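Student: got a sequence here, can you model it:
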Amino acid sequence: MIKLIASLTLLIFSINCHIGLPSEAKLTKKFLENKADFYGLATMLNEDDNIVRLSDDYVFYTGPDERTISEERVGEYRQILHKLGIENGIHRDNPRSVRLIASSQGIPIATYSKSYLYSTENPESLVESIDKFVSHRKQSPVYKKLEDNWYLEYESW
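Tutor: Residues are numbered from 1 along each chain as shown. Next up is the predicted model:
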């Protein structure tokens with residue numbers, strides 16, 4: 001009986017997580033309506049290439065001895081992220097790509113996220129729609145091209 005209750009709880013939790021993620025159409029619309037801000041953010045991130053992670057709460061750099069950006073600049077990033085509805089900040093996966101995490105739901109062992117990806121390299125796993133991959137199981141990242149170096153990303157782990 002306990003296994004059944006735990007399984008049902010996990011299923012309901014998973015369904016709620018997926019419902020909470022914005023649709024591909026909503027993310028695409030936000031991108032198209034705010035292109036200048038997205039491209040401006042990409043320019044800023046290219047200038048501040050030592051940022052690994054930036055959110056409302058913290059900024060991580062590539063190393064402890066790396067130069068930090070000013071509080072004013074951090075505030076500028078956060079203002080743009082809020083305007084664009086980027087809930088979970090910025091994560092630089094490597095020197096050629098940066099994720100703007102639009103939404104993330106779940107717990108550490110079961111998390112689902114949708115992001116904007118700016119990458120100077122074409123990612124693998126290009127698909128026609130990231131919404132087709134939303135499921136209740138682990139999903140390696142899949143990407144839909146928006147334009148130029150911009151993509152939408154979905155992944156779960």
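Student: number of nearby residues for the closest residue to Val127 other than its chain neighbours?
Tutor: Leaving aside its sequence neighbours, Val127 sits nearest to Val142 (C-beta to C-beta, 6 or more residues apart in numbering; 4.8 Å). Quick note: C-beta positions are derived from backbone N, CA and C, even for glycine. By other C-beta atoms under 10 Å, 21 other residues sit near Val142.
Student: got the contact list for the helix or strand harbouring Val142?
Tutor: With elements taken from DSSP states H and E, the one containing Val142 is strand 139-147. The contact list for strand 139-147 (C-beta atoms under 8 Å, 6 or more residues apart in numbering) reads 24, 28, 31, 116-117, 123, 125-130, 133, 151-157.
Student: from these, keep the buried residues only.
Tutor: Buried residues within the contacts of strand 139-147, defined by neighbour count using 16 or more other C-beta atoms under 10 Å: 24, 31, 116-117, 130, 133, 151-156.
Student: tell me what Glu155 is bridged to.
Tutor: Ser113 (DSSP bridges).
Student: what about the strand holding Val142, distance to the chain center?
Tutor: Distance, stretch centre to chain centre, for strand 139-147: 11 Å (C-alpha atoms, centre = their mean, to the nearest Å).
Student: point out where the chain drops to low pLDDT.
Tutor: Scanning the chain with the threshold set as pLDDT under 70 gives 1-19, 134-137.
Student: give me the most central residue, this protein.
Tutor: Ile101 (2.0 Å; C-alpha atoms, centre = their mean).
Student: that one should be in a strand, yeah?
Tutor: Yes. Using DSSP: H, G, I helix; E, B strand; the rest coil, the assignment for Ile101 is a strand.
Student: any idea how far Leu54 is from it?
Tutor: 10 Å (C-beta to C-beta, to the nearest Å).
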